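Participant: output the structure for:
(2 chains)
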Number of protein chains: 2
Amino acid sequence: MSNQLFPIRRRGLIRCAVAAVALLAAPVSLHAQDDPLPSWNDGAAKRAILDFVTDTTTEGGADFVAPEDRIATFDQDGTTWVEHPLYGQGLFALDRLSEMAPDHPEWKDTEPFKSVLSGDHAAMAKFTEKDWMEIVAVTHAGMSTADFEAIVADWLPKSKNPVFGVPVTELVYQPMIEVMDLLRANGYRTYIVTGGGQEFVRVYSKDVYGVPPEQVIGSSIVTKYEMRDGEPELMREPKLFFNDNDDGKAIGINLFIGKRPRIAFGNTEGDKEMLQWATAGDGARRGFLVLHDDADREFAYGPANGLPDTSVGAFSQDLMDTANASGWTVISMKNDWNTIFAGDVKKPK
Amino acid sequence: MSNQLFPIRRRGLIRCAVAAVALLAAPVSLHAQDDPLPSWNDGAAKRAILDFVTDTTTEGGADFVAPEDRIATFDQDGTTWVEHPLYGQGLFALDRLSEMAPDHPEWKDTEPFKSVLSGDHAAMAKFTEKDWMEIVAVTHAGMSTADFEAIVADWLPKSKNPVFGVPVTELVYQPMIEVMDLLRANGYRTYIVTGGGQEFVRVYSKDVYGVPPEQVIGSSIVTKYEMRDGEPELMREPKLFFNDNDDGKAIGINLFIGKRPRIAFGNTEGDKEMLQWATAGDGARRGFLVLHDDADREFAYGPANGLPDTSVGAFSQDLMDTANASGWTVISMKNDWNTIFAGDVKKPK
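Facilitator: All right, here's what the predicted structure looks like:
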């Protein structure tokens, strides 16, 4: 097979040619000289991905999967991009709160806004779910879906991860982009299945991951249909509609796709049910969990394997035991990835 | 362009070749000798569909739509298949109730079950939403999603429309199948957007319409994730999760696709918001409503245009006025369609 059948190795729009090849379901040979996963070190994780692709696309093979059933699902935070020290969407909520504060002088004396605006990180670390919902209610609702998209699109290039000092969209894991490209080049449709906001992720999913809006499944709030000046609008209400975490990930996959994924990638407790749902059916199926064990290049947190326990994105020893018992593959960022980010992003010393 | 670029004229699986051509976005020339809509009589409706396809797929044209934005949505009941004298899914619920009755002797004396089991059509015509929800609760819930699919698949070939005496899947409108095929051959993704049950329609959508499960948006009930004997199951609960009718159709389209359709087909009040949502954006957009004005070959009901008023699938004069004011095209079954059904199905005299 010629090079053009291999996935493009950069982020950006999916090309029609690639999609057409994918739908024609031509199996892609994996020659060493055309390594489709150059950011991966040789090892069990890389081998498991390559074998899965070969096994499920070899016509006549025992594990062949029909093109229409080639579904791959990826958690986002901590799986395809950085989630520390705070989820990307958390940074958005806090920036938006600061921007809106001049119009809300009462926030200076009202929790949870007071702690955020005064930069009281100790207090913020103790925020309850209810505190966060109050913040989401004022920052993510009360506008049309079109206005929300515009606000997110405007914020993205101005966003800044507090540790790396670069926009959140620069902190995407190159090895996972390569996996998505490889899967798509082999006829898989790649879905983001995130606990984060569906409409938030849809704003950049195509540019950043090559994943179109209709393949983003996430948490969502209630929307209300209204005619405004003769034009229909969907207004965002301050009320949770669907929580795409934990069991919600299996429920969401069934609701949006109606098919079980064949391969799924996650990194925390919240992804357990997605991996169970993906790997419990018949035929070739694979589950993967990213372990953040690379403090030098990214972050190190568990508490599995004795890594530090943190409030964002826990990988517990219990999850590690489940992974081992279930035959899921644990990806070590430190050992399995020779490159973490696309471009020149490096963690400041 | 050669014949192979034209849509297949029968129901069945989408072929990879057709899909690949669609994604390559080659505009399909519409030569008279290769009429892609042979079941349509020449007239304003047929011309509107053909012009829309040409206009939105001609590269460089003012109305060109990028392949990734080619979204088409179709209501099901009364738009792509027969909804009289009762919705297909209503027939399923009633058959299922009869089948389950021996295990529920108390139903003989309890409404709404009593009226159904005694065949009291006058009482059934007066059923409230709550009555129907009680019937749905016992016939559509309390089992896993996998079991529900198996029950529906088993029922379909045994189903019988009371007027036509044939299975519900035989009562699909051939002209609409041709429109779906034509749109897909031109790079459009075709979605069913139905007030009916999403998981019900997904069982047959691929075989009957060429629409895969992930492109069926419908009403749904709550599902609950459970581990049973070490295997994950999604259990169907007797509680509505999402009502995909009226404003729910616009909300559902945004939730599931995140893009506005360019072309939408419906037939009742419940489709109004879908057509508003589809046709209000920028660029070339088209809305269509099927008017059932053919009592000889199918059914005649309105009450628009003085047709009889019925309890199933009303097309009010108000909707007709909205259609005219909005530039939506009304499809007359009697005048626009020379064929109603695929195969040999005829209405008994």
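
Participant: so what does the one helix or strand A:I331 maps to touch, helix or strand wise?
Facilitator: Assigned by DSSP states H and E, A:I331 belongs to strand A:329-332. Packing contacts for strand A:329-332, counted by 3 or more Cβ pairs under 8 Å, 6 or more residues apart in numbering or on different chains; DSSP states H and E, involve helix A:44-57, strand A:286-293, helix A:317-326. In this view, the C-beta of every residue, glycine as well, is placed from N, C-alpha and C.

Participant: of these, which approaches A:M100 most closely?
Facilitator: strand A:286-293 (32.4 Å; Cβ to Cβ).

Participant: any chance you could map the helices in chain A?
Facilitator: Secondary structure of chain A by DSSP state H: the helices cover A:16-24, A:44-57, A:88-100, A:113-117, A:121-125, A:129-140, A:145-155, A:174-185, A:198-202, A:205-209, A:247-256, A:272-279, A:317-326, A:333-336.

Participant: Throw those into CSV and include mean neighbour count, thanks.
Facilitator: Below are these laid out as CSV (neighbours: other Cβ atoms under 10 Å in any protein chain shown):
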stretch, mean neighbour count
helix A:16-24, 19
helix A:44-57, 19
helix A:88-100, 18
helix A:113-117, 18
helix A:121-125, 13
helix A:129-140, 16
helix A:145-155, 16
helix A:174-185, 23
helix A:198-202, 25
helix A:205-209, 21
helix A:247-256, 24
helix A:272-279, 25
helix A:317-326, 15
helix A:333-336, 18
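
Participant: switch those helices over to JSON lines; also include distance to B:V152.
Facilitator: Below are these laid out as JSON lines (distance: least, Cβ to Cβ, whole Å):
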{"stretch": "helix A:16-24", "distance to B:V152": "28"}
{"stretch": "helix A:44-57", "distance to B:V152": "28"}
{"stretch": "helix A:88-100", "distance to B:V152": "38"}
{"stretch": "helix A:113-117", "distance to B:V152": "50"}
{"stretch": "helix A:121-125", "distance to B:V152": "49"}
{"stretch": "helix A:129-140", "distance to B:V152": "37"}
{"stretch": "helix A:145-155", "distance to B:V152": "33"}
{"stretch": "helix A:174-185", "distance to B:V152": "31"}
{"stretch": "helix A:198-202", "distance to B:V152": "28"}
{"stretch": "helix A:205-209", "distance to B:V152": "33"}
{"stretch": "helix A:247-256", "distance to B:V152": "15"}
{"stretch": "helix A:272-279", "distance to B:V152": "21"}
{"stretch": "helix A:317-326", "distance to B:V152": "31"}
{"stretch": "helix A:333-336", "distance to B:V152": "44"}
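
Participant: to A:P67, which of the ones you listed lies closest?
Facilitator: Closest approach to A:P67 among the helices of chain A is made by helix A:16-24 (6.5 Å; Cβ to Cβ).

Participant: still on that earlier bit, TSV for the helices and strands packed on strand A:329-332, including mean pLDDT and distance to chain B?
Facilitator: Converted to TSV, these look like this (pLDDT from 0 to 100; distance: least, Cβ to the nearest Cβ, whole Å):
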stretch	mean pLDDT	distance to chain B
helix A:44-57	98	13
strand A:286-293	98	12
helix A:317-326	97	10
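
Participant: find the nearest non-adjacent residue to A:G88, please.
Facilitator: Nearest residue to A:G88, sequence neighbours excluded (Cβ to Cβ, 6 or more residues apart in numbering or on different chains): A:V168, at 4.0 Å.

Participant: on that earlier part again, can you show me the CA trace of the strand holding A:I331 as PDB?
Facilitator: Listed next in PDB are the C-alpha coordinates belonging to strand A:329-332 (Å, rounded to 0.1, in the frame of the first residue of the first chain):
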ATOM      1  CA  THR A 329      -3.900  -2.300  28.700                       C
ATOM      2  CA  VAL A 330      -2.400   0.400  30.900                       C
ATOM      3  CA  ILE A 331      -0.500   3.000  28.800                       C
ATOM      4  CA  SER A 332       2.500   4.500  30.700                       C
END
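
Participant: distance from the chain centre to it, please.
Facilitator: Its chain's C-alpha centre lies 16 Å from the corresponding centre of strand A:329-332 when counted by Cα atoms, centre = their mean, to the nearest Å.

Participant: list the contacts of that strand.
Facilitator: A:44-45, A:48, A:286-291, A:293-294, A:320, A:323, A:337 (Cβ atoms under 8 Å, 6 or more residues apart in numbering or on different chains).

Participant: adjacent strands (with direction) for it?
Facilitator: Paired strands of strand A:329-332, with direction, are strand A:286-293 (parallel) (DSSP bridges).

Participant: in the partner strand, what counts as buried?
Facilitator: Within strand A:286-293, the residues that count as buried by 16 or more other Cβ atoms under 10 Å in any protein chain shown are A:R286, A:G287, A:F288, A:L289, A:V290, A:L291, A:H292, A:D293.

Participant: what's around the nearest residue to A:Q198 once chain neighbours are set aside, how many residues?
Facilitator: Spatial nearest neighbour of A:Q198, chain neighbours left out: A:G218 (3.3 Å); criterion: Cβ to Cβ, 6+ apart. By the measure other Cβ atoms under 10 Å in any protein chain shown, the count of residues near A:G218 is 26.

Participant: quick one: A:G218 and A:Y191 touch, right?
Facilitator: No: if you go by Cβ atoms under 8 Å, A:G218 and A:Y191 don't touch, sitting 10.2 Å apart.

Participant: quick revisit: state the pair within the contacts of strand A:329-332 that is farthest apart.
Facilitator: So, the contacts of strand A:329-332 by Cβ to Cβ: farthest apart are A:R286 and A:D294, at 22.6 Å.
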